[in-house]
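Asks: have a look at this fold, sequence not included:
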């Protein structure tokens, strides 16, 4: 597997201008200003982080000088137990140990895809006074509230996959991975006879995650618009709220979509993750409209669920995020904070298009 690397994409400077949607919490307190305390760094400001990241991605040896020894951090899961999150947390635990951190000094909480639980966890962890918080939570409003609380306490945050105002972001370039998925889908559409053979393009989205998370599907749309033109793509595109990334909500949303287009036969479908796609596929099968030849399906993540979907022929491809290596970015970043060094504002992983033809190269059974 080729080495993951950190890149800074200026074009997503909009990352913190989130259009917030609140679920399960009211009234909302004043939220953090994402620009407060942000200064232009010197060219070599991230040398310490980059050294540790290079070490983590190229060797299994302990980190130089054990930067986490005797220190404390907190980590939250967006939803503990699902394959993607299990891979991320396992990687964090492994890298924390390599950095010299003790298991008992890595505080853990499960946000359970629930905004209220996320707020409760934030307060519980704040009371434990970790030196750094690694925050993985879906609701953009909650993330703004958490940013305010931890900023007032002087505790830095590292955001995972969903932005937190004023915090370094680690995860994927959402627009880029969606555009990659769109390009792969276009290739498959052309192989099947072109855009005229498609009745509808369905984007199963997650509005609660804010504008940046929405890019994970809007980039898919943009690839089609660039290829065929807005006038062609807009009338056939359906945007649906698939919930917070779980199968049950997505199943109901997809059932509603299918009911709204009873005569459509040929589809292109994408979703924000593979748990969402599980729910979508189940709804398609229940409706009696499942024929793999009629569906071009591209997912995001390629965790254990996504790998199974590709191998079973349920999806055509997925954009791999390699969650099993997230710790190679998160713990070097946390260690940099612990040692008084700067952390890059964006830490993006490389991605790959995974299909049935190349999956064993990346994920051998």
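Replies: That came in fine, so what should we check first? Keep in mind that what you see is a predicted model, and the values were worked out from it rather than measured. Numbers count the residues shown, from 1 in each chain.
Asks: so what are the domain limits for this structure?
Replies: Domains of the chain are assigned by automatic domain parsing as 10-26+45-172+323-350, 174-320.
Asks: roughly how far is the first one from the heart of the chain?
Replies: By that I understand domain 10-26+45-172+323-350. Relative to its parent chain, domain 10-26+45-172+323-350 has a centroid offset of 13 Å by CA atoms, centre = their mean, to the nearest Å.
Asks: and if you look at the shortest one?
Replies: Centroid separation for domain 174-320 versus its chain: 16 Å, with CA atoms, centre = their mean.
Asks: between the domains of the chain, which one is nearest to residue 356?
Replies: The closest of the domains of the chain to residue 356 is domain 174-320. By CB to CB, the value is 5.7 Å. All C-beta spots, glycine's among them, are computed from the backbone N, C-alpha and C.
Asks: how long is the closest one from one end to the other?
Replies: Taking CA to CA, to the nearest Å, the first and last residues of domain 174-320 lie 12 Å apart.
Asks: over to stretch 101-120?
Replies: Where stretch 101-120 begins and where it ends lie 25 Å apart, using CA to CA.
Asks: so which of the domains of the chain gets nearest residue 359?
Replies: Short answer: domain 174-320, nearest of the domains of the chain by CB to CB, at 5.5 Å.
Asks: avg pLDDT for the closest one?
Replies: Across domain 174-320, the average pLDDT comes to 94.
Asks: and stretch 130-146, by the same measure?
Replies: 94.
Asks: can you check stretch 100-120 too?
Replies: 96.
Asks: list the buried ones in it?
Replies: Residues of stretch 100-120 classed as buried: 100-101, 105-107, 109-115, 117-119 (neighbour count, 16 or more other CB atoms under 10 Å).
Asks: okay, the spatially closest residue to residue 167 that is not a sequence neighbour: pLDDT?
Replies: Nearest residue to residue 167, sequence neighbours excluded (CB to CB, 6 or more residues apart in numbering): residue 157, at 4.0 Å. In this model, residue 157 is scored at 98, pLDDT.
Asks: mind listing the helices for the stretch 251-365 of the chain?
Replies: 274-286, 304-311, 327-338, 359-362 (DSSP state H, counting those that start in this stretch).
Asks: can you redo these as a markdown table with distance to residue 81?
Replies: Below are those laid out as a markdown table (distance: least, CB to CB, whole Å):
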| stretch | distance to residue 81 |
| --- | --- |
| helix 274-286 | 11 |
| helix 304-311 | 12 |
| helix 327-338 | 18 |
| helix 359-362 | 24 |
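Asks: redo the domains of the chain as a markdown table? Include distance to residue 359.
Replies: What follows is these, written out as a markdown table (distance: least, CB to CB, whole Å):
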| stretch | distance to residue 359 |
| --- | --- |
| domain 10-26+45-172+323-350 | 15 |
| domain 174-320 | 6 |
